[in-house]
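**Student:** sequence first, then the predicted structure:
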Amino acid sequence: MNLLVLAAETENPLFPPIPELVIGLIAFVIVFGFLAKKLLPNINKVLDERREAIEGGIEKAEAAQTEAQSVLEQYKAQLAEARHEAARLRQEALEQGTALKEELRAEGQRQREEIIAAGHAQIAADRKAASQALRQDVGKLATDLAGKLVGESLEDHARQSRTIDRFLSELEEKAEAAR
């Protein structure tokens, strides 16, 4: 047992023996070669795929953002156009309403004037008819009265008509002179 202790004391742990160092170096080169040939290409392949996926995702995101910006601009343009169209339609409706109002007012004025004209024409016709009826009635009464005063019948139409006309003309002249 002493020999082991003595051998352990003579060996420096920081400097391993050369045969162990050579075996360790050969094992390291074999493991490193295996990793470099088999595992490293697979790791690089996975990393490349991941990088491409990330770059593709970034490109897709940028494309989506560009498309979203384009859609937003189109939406804003359509909204502005719709607002402009609404303002134009509102103004057009106001103008049509004003025009319709003026047209209805003019139509009402025209109808009122027609009604008034028709009323005046009716009044004139009624006045003429009343005047005619009054002339006949006054003439008949005057003829009857004159016949009673004179004592003879004044049934002659021509004479009766002249007498009535003369009498009514005198009455109209007196009425106009009184004004």
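**Tutor:** Received, thanks.

**Student:** what helix or strand does the residue most central in space within the chain sit in?
**Tutor:** Taking C-alpha atoms, centre = their mean, the centroid of the chain lies closest to Ala86, which sits 3.8 Å from it. In this structure, Ala86 sits in helix 40-150 according to DSSP states H and E.

**Student:** list the buried residues for the helix or strand just after that helix?
**Tutor:** Next helix or strand after helix 40-150 toward the C-terminus (DSSP H and E): helix 157-178. Of all the residues in helix 157-178, those buried under the rule 16 or more other C-beta atoms under 10 Å are Gln160, Thr163, Ile164, Phe167, Leu168. Yep, even glycine has a C-beta here, placed from its N, CA and C like the rest.

**Student:** and for Leu35, the neighbour number?
**Tutor:** 11 (other C-beta atoms under 10 Å).

**Student:** do Leu39 as well
**Tutor:** 10.

**Student:** contacts for whatever helix or strand Glu20 lives in, please.
**Tutor:** Using DSSP H and E, Glu20 sits in helix 18-34. Contacts with helix 18-34, where a contact means C-beta atoms under 8 Å, 6 or more residues apart in numbering, come from Pro16.

**Student:** so it versus helix 40-150, what angle?
**Tutor:** Comparing the axes of helix 18-34 and helix 40-150 via axes from the mean of the first three to the mean of the last three C-alpha atoms, to 10 degrees yields an angle of 30 degrees.

**Student:** can I get the CA coordinates of helix 18-34 in PDB?
**Tutor:** Below are the C-alpha coordinates for helix 18-34, written out as PDB (Å, rounded to 0.1, in the frame of the first residue of the first chain):
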ATOM      1  CA  ILE A  18       1.900  10.400 -22.000                       C
ATOM      2  CA  PRO A  19       0.100   7.100 -22.900                       C
ATOM      3  CA  GLU A  20      -3.100   8.300 -21.300                       C
ATOM      4  CA  LEU A  21      -2.700  11.700 -23.100                       C
ATOM      5  CA  VAL A  22      -2.300   9.900 -26.500                       C
ATOM      6  CA  ILE A  23      -5.300   7.600 -25.900                       C
ATOM      7  CA  GLY A  24      -7.400  10.500 -24.800                       C
ATOM      8  CA  LEU A  25      -6.300  12.500 -27.900                       C
ATOM      9  CA  ILE A  26      -7.100   9.600 -30.300                       C
ATOM     10  CA  ALA A  27     -10.500   9.200 -28.600                       C
ATOM     11  CA  PHE A  28     -11.200  12.900 -28.900                       C
ATOM     12  CA  VAL A  29     -10.200  12.900 -32.600                       C
ATOM     13  CA  ILE A  30     -12.500   9.900 -33.300                       C
ATOM     14  CA  VAL A  31     -15.500  11.500 -31.400                       C
ATOM     15  CA  PHE A  32     -14.800  14.900 -33.100                       C
ATOM     16  CA  GLY A  33     -14.600  13.300 -36.500                       C
ATOM     17  CA  PHE A  34     -17.800  11.400 -35.900                       C
END
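
**Student:** fine by me, we can end here.
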